[in-house]
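Chemist: Need the 3D shape of this:
(one chain, ligands or ions: 1)
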Amino acid sequence: MSQYWSKLVHNLDPYVPGEQPKDQRYIKLNTNECPYPPSPNALAAIHAAADERLRLYPDPNADELKDAIADYYKVQRANIFVGNGSDEVLAHVFQGLLKHDAPLLYPDISYSFYPVYANLYQINAQQIPLREDFRVCLGDYAVDNGGIIFPNPNAPTSMALGLDTIEALLQTHAESVVVVDEAYVDFGAQTAIPLIDKYPNLLVVQTFSKSRSLAGLRVGFAVGHPDLINALERVKNSFNSYPLGRMAIAGAAAAMRDKAYFEDTCQKIIATREMTVQSLTEMGFSVLPSAANFVFARPPAGNAESLYLALKQRGVLVRYFNKPRINEYLRITIGTDEEMATFLSVLAEL
Ligand SMILES: Cc1ncc(COP(=O)(O)O)c(C=O)c1O
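Modeler: Next up is the predicted model:
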């Protein structure tokens with residue numbers, strides 16, 4: 001607290017990221033990072049971009065990256081917005097597209113940055129409770145609103161909605177922007193990007209941090225109608241014209257072009273997830289159906305917090321949320337087969 005702070009700063013309730021220990025002692029299953037390295041092509045492109053051209057500003061429009069994304073998804077460059085991690089993209093979305101008189105709607109159990117942005121940008125927001133079984137029921141969003149946002153698959157529950165359900169929501173709420181946050185979509189859900197031509201109110205947000213193993217590079221993007229993209233460009237160019245450096249643009253573009261490596265990484269994680277779910281279920285955990293690179297699991301004795309602490313003591317980090325309704329669950333990121341074998345054997349001992 002300081003007399004120099006603005007009123008806004010006094011009232012902020014900042015996001016708390018998962019632990020990032022400085023030592024290498026831990027098996028890190030707590031922040032949904034990818035256990036495999038980035039595409040070798042991405043690393044080569046990053047190295048190649050680190051030359052004397054660093055004295056120059058990067059391309060403010062990041063056209064090379066937008067073109068790589070547009071090629072991959074068969075859309076136009078004008079449909080793409082890029083930013084410094086999907087968190088920054090989401091921040092601009094909240095400010096530029098979701099701040100209206102009617103309340104912004106999002107699930108009560110969902111990505112914990114949403115309430116933080118709503119507070120930062122003073123957005124009138126209303127949380128819609130998940131159903132008892134943790135399903136997002138889009139019928140519950142049938143209230144007057146100034147926008148809707150939800151992750152698909154949801155985090156931390158890992159459960160996904162089908163495209164038909166999302167399409168029905170887009171039809172019902174043609175007057176509002178509907179944002180689908182697809183941070184985890186590549187691990188088993190269907191992207192809504194093919195719907196952008198039909199629905200000018202749809203914005204899809206994705207990241208390079210999970211399925212493309214580039215959390216450390218900080219790159220995210222949004223895909224939607226050019227009118228929505230223009231709003232985001234206007235906010236971005238009123239905030240920071242160069243959110244992505246030369247290395248980030250080159251590395252992310254190369255990762256997007258390396259489809260074979262990306263597909264192989266996702267397949268490995270999905271296979272390890274299925275093995276992990278089976279082992280946890282055999283140990284008596286109840287595991288929600290996962291379409292993500294993590295699982296949300298309730299230990300048989302409901303002792304999630306003490307298990308989280310005991311695992312940490314033995315060198316395995318998972319995520320525990322001390323919040324109503326989910327405080328008996330652990331969120332466990334899928335690591336390599338070896339990491340998961342160690343995790344499961346420590347768990348069995350405990
Ligand atoms: C649902 C969801 N959206 C967005 C993000 C932000 O990802 P990034 O800023 O690394 O692109 C995360 C990160 O964990 C997430 O879980």
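Chemist: List the contacts of the residue nearest the centre of the chain.
Modeler: When the chain is reduced to its mean C-alpha position, the nearest residue by C-alpha atoms, centre = their mean turns out to be residue 183, at 3.2 Å. By C-beta atoms under 8 Å, 6 or more residues apart in numbering, residue 183 lies in contact with 32, 86, 111, 151, 155, 205-207, 209-210. (Each C-beta comes from the backbone N, C-alpha and C, glycine too.)
Chemist: Adding pLDDT and secondary structure, write these out as TSV.
Modeler: Converted to TSV, these look like this (pLDDT from 0 to 100; DSSP: H, G, I helix; E, B strand; the rest coil):
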residue	pLDDT	secondary structure
32	96	coil
86	98	helix
111	96	coil
151	98	strand
155	96	coil
205	99	strand
206	98	strand
207	98	strand
209	98	coil
210	98	coil
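Chemist: restrict the residues you listed to contacts with the ligand.
Modeler: 32, 86, 111, 151, 155, 207, 209 (C-beta under 6 Å from any ligand atom).
Chemist: that older thread, farthest-apart pair in the contacts of residue 183, please.
Modeler: Largest separation among the contacts of residue 183 by C-beta to C-beta: 32 and 205, giving 15.4 Å.
Chemist: Starting from residue 164, give me the distance back to the closest residue to residue 326 other than its chain neighbours.
Modeler: Spatial nearest neighbour of residue 326, chain neighbours left out: residue 109 (6.0 Å); criterion: C-beta to C-beta, 6 or more residues apart in numbering. Separation of residue 109 from residue 164 (C-beta to C-beta, to the nearest Å): 23 Å.
Chemist: Looking at the two, which one has more neighbours?
Modeler: Set residue 109 next to residue 164 and count neighbours by other C-beta atoms under 10 Å: residue 109 wins out with 22 against 8.
Chemist: re earlier: could you list every residue that touches the residue nearest to residue 326?
Modeler: By C-beta under 8 Å, 6+ apart, the contact list for residue 109 reads 130, 134, 154, 156-157, 323, 325-326.
Chemist: What helix or strand is it located in?
Modeler: For residue 109, there is no helix or strand it lies in under DSSP states H and E.
Chemist: Could you do residue 292 as well?
Modeler: Using DSSP H and E, residue 292 falls outside every helix and strand.
Chemist: pLDDT value on it, please?
Modeler: Note on residue 292: pLDDT of 98.
Chemist: what's around it, how many residues?
Modeler: Neighbourhood size, residue 292 [other C-beta under 10 Å]: 32.
Chemist: distance of the residue nearest to it when sequence neighbours are not counted from residue 243?
Modeler: Spatial nearest neighbour of residue 292, excluding adjacent residues (C-beta to C-beta, 6+ apart): residue 184 at 3.8 Å. Going from residue 184 to residue 243 by C-beta to C-beta gives 22 Å.
Chemist: The two - which one has more neighbours?
Modeler: Per other C-beta under 10 Å, whichever of residue 184 and residue 243 has more neighbours is residue 184, with 25 against 21.
Chemist: doesn't residue 156 make contact with that one?
Modeler: No - assessed by C-beta atoms under 8 Å, residue 184 is found out of contact with residue 156, at 10.4 Å.
Chemist: got any residues that touch both of these two?
Modeler: With C-beta under 8 Å, 6+ apart, residue 184 and residue 156 have common neighbours residue 294.
Chemist: now the strands for this protein?
Modeler: 27-28, 80-83, 104-107, 125-128, 148-151, 178-181, 202-207, 220-224, 286-287, 294-298, 316-317, 319-320, 330-333 (DSSP state E).
Chemist: Please identify the buried residues of the third one?
Modeler: Of all the residues in strand 104-107, those buried under the rule 16 or more other C-beta atoms under 10 Å are 104-107.
Chemist: who does that strand touch, helix- and strand-wise?
Modeler: Applying 3 or more C-beta pairs under 8 Å, 6 or more residues apart in numbering; DSSP states H and E, one finds that strand 104-107 contacts strand 125-128, strand 148-151.
Chemist: Recalculate using a threshold of 10 Å.
Modeler: With contacts defined as 3 or more C-beta pairs under 10 Å, 6 or more residues apart in numbering; DSSP states H and E, strand 104-107 has these neighbours: helix 113-120, strand 125-128, strand 148-151, strand 178-181.
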